[in-house]
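Visitor: sequence unknown, structure follows:
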Ligand code: UD1
């Protein structure tokens, strides 16, 4: 077997989740072998069936907590080429109620996993970060050199802390472990096959799943949080990108790490274009021909008014940019919702 024939196994923690499952597809399409590690505390085993229908084979799956050293032994038995660390708690509101859980599950687990990766001699790590590290941006679009603002929530703090921790790990390893920090803006949509998508457990906290559930009649209506922001139409602005575009960025980051041994860089992942909540509603209506039942309510505490990415670094270094439109994102999200409902 030549060097090129050795399967490039990529550990995907949280691989049964929304972004992780789509990344497992993109990895496979690029010739990697995803190995999903997910204890299913916030995802469902049916995701693995959806992946099988898309890929035509079962993905290697380990139902363990990625911070459980004993449980992870089986994963590391076969050489691991790289890791993408998605597994984390991600609800801003919940993090305010349960900060200890967020510190332990997000920061503690990242520390444990990174220790295991270094011990196993893994050379590439892609970390799932967030635009939340920028807080209320002082200038738009936000580039990677924008100041990291004090976190607005425990969740936001955990992303900042993990980035800092990984900086120390990188230094301690003296470049043995290359790291890409991917700062996502707002991932939405679903795989066009409607075999995988977002599976919020309980009431969705995010805009698009709440919107599609309202259109499907599972919720009476969407509440738009605030119509009095100093934006063009009074509603908040975000940078919504298709989860399949985002998944492809992980592959691009991995390939970049392979060519830049021991590097560490942060990349913004977004479209570069801001859309207001009202624009999302009207894009959904255009894309699907369905009306969105909605009303305008109070601002949601902790929301920033506007944020969108300067994603030119990802384009210049990774050769990655988004390809799918907002309408495509929303049509795919709706196809997925229709299948669920
Ligand atoms: C937040 C975090 C992001 C995190 C994500 C995970 C910030 C700045 N962003 O994204 O880092 O990864 O949560 O969950 O902390 N909206 C409504 N009605 C709803 C729901 C949302 O109007 O029922 C509005 C919000 O006010 C916001 C926009 O829709 O303007 C998007 O909200 P959401 O989908 O929750 O994402 P963020 O808060 O941007």
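Guide: Looks like it arrived, so ask away. Values in this document were obtained by computation on a predicted structure and should not be read as measured data.

Visitor: Can the helix or strand hosting residue 19 be said to contact the ligand?
Guide: Using DSSP states H and E, residue 19 falls within helix 18-29. No: applying Cβ under 6 Å from any ligand atom, one finds helix 18-29 separated from the ligand by no less than 9.8 Å. In this view, the C-beta of every residue, glycine as well, is placed from N, C-alpha and C.

Visitor: in that helix, what's buried?
Guide: 18, 19, 20, 21, 22, 23, 24, 25, 26, 27, 28 (16 or more other Cβ atoms under 10 Å).

Visitor: go on, stretch 228-248?
Guide: The neighbour-count check on stretch 228-248 (16+ other Cβ under 10 Å) flags 229, 231, 235-248 as buried.

Visitor: Repeat that for stretch 198-217.
Guide: Judged by neighbour count (16+ other Cβ under 10 Å), stretch 198-217 contains these buried residues: 198-199, 204, 206-215.

Visitor: Reformat those residues as TSV; add pLDDT.
Guide: Below are those laid out as TSV (pLDDT from 0 to 100):
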residue	pLDDT
198	95
199	90
204	93
206	95
207	98
208	98
209	97
210	98
211	98
212	98
213	97
214	98
215	98
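
Visitor: Can you tell me which of those residues end up in helices?
Guide: Among the buried residues of stretch 198-217, the members found in helices (DSSP state H) are 207, 208, 209, 210, 211, 212, 213, 214, 215.

Visitor: Please name the nearest non-neighbouring residue to the last one.
Guide: Right, residue 215. residue 290 (5.2 Å; Cβ to Cβ, 6 or more residues apart in numbering).

Visitor: mind checking the longest helix of the protein?
Guide: Counting residues, the longest helix found in the chain (DSSP H) is helix 154-172.

Visitor: What is that helix packed up against?
Guide: Other elements packing on helix 154-172 under the criterion 3 or more Cβ pairs under 8 Å, 6 or more residues apart in numbering; DSSP states H and E are helix 92-97, helix 99-102, helix 109-119, strand 124-130, strand 178-184, strand 264-269.

Visitor: what about those, which gets the closest to the ligand?
Guide: In this view, those are compared for proximity to the ligand by Cβ to the nearest ligand atom, and strand 124-130 is the closest at 3.7 Å.

Visitor: Give me every residue in the chain lying close to the ligand.
Guide: Contact residues, the chain versus the ligand (Cβ under 6 Å from any ligand atom): 90-92, 130-132, 156, 186, 205-207, 210, 222-225, 236, 238, 277, 300, 303-304.

Visitor: that older thread, where does the residue nearest to residue 215 land in three-state SS?
Guide: Here residue 290 is coil, with the state taken from DSSP: H, G, I helix; E, B strand; the rest coil.

Visitor: How about the contacts made by it?
Guide: Residue 290 makes contacts with 215, 284, 334, as judged by Cβ atoms under 8 Å, 6 or more residues apart in numbering.

Visitor: thinking again about what came up before, quick one: mean pLDDT for the helix holding residue 19?
Guide: Mean pLDDT, helix 18-29: 98.

Visitor: try stretch 84-103
Guide: Stretch 84-103 shows a mean pLDDT of 95.

Visitor: which residues touch that stretch?
Guide: The contact list for stretch 84-103 (Cβ under 8 Å, 6+ apart) reads 10-15, 17, 19-20, 23, 37-38, 42, 65-66, 105-106, 109-110, 113, 125-128, 132, 152-158, 205, 250, 254, 302.

Visitor: mind redoing it with 7 Å?
Guide: Outside stretch 84-103, the residues within contact range by Cβ atoms under 7 Å, 6 or more residues apart in numbering are 10, 12-15, 17, 19-20, 23, 38, 66, 105-106, 109-110, 113, 125-128, 153-155, 158, 205, 250, 302.

Visitor: Same check on stretch 255-273?
Guide: By Cβ under 7 Å, 6+ apart, the list of residues contacting stretch 255-273 from outside reads 123-124, 131, 141-144, 170, 175-176, 178-185, 239, 241, 246, 249, 253, 308-311, 313-314, 317-318, 322.

Visitor: Could you tell me the end-to-end distance of it?
Guide: End-to-end distance of stretch 255-273 (Cα to Cα, to the nearest Å): 26 Å.

Visitor: thinking again about what came up before, now, which of the buried residues of stretch 228-248 lie within helices?
Guide: Per DSSP H, the buried residues of stretch 228-248 map to helices at 243, 244, 245, 246, 247, 248.

Visitor: would CSV of those with distance to residue 137 be doable?
Guide: What follows is those, written out as CSV (distance: Cβ to Cβ, whole Å):
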residue, distance to residue 137
243, 23
244, 26
245, 22
246, 20
247, 25
248, 25
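
Visitor: Which two of the residues you listed have the greatest separation?
Guide: Pairwise distances across these peak at 9.9 Å for 243 and 248 (criterion: Cβ to Cβ).

Visitor: ok, then the element right after the host helix or strand of residue 280?
Guide: Taking DSSP H and E as the definition, residue 280 sits inside helix 277-288. Going down the chain from helix 277-288, the next helix or strand is strand 294-297, by DSSP H and E.

Visitor: so which helix or strand takes in the nearest residue to residue 297 once chain neighbours are set aside?
Guide: Distances taken as Cβ to Cβ, 6+ apart place residue 223 nearest to residue 297, at 4.1 Å, with adjacent residues excluded. Using DSSP H and E, residue 223 sits within strand 222-225.
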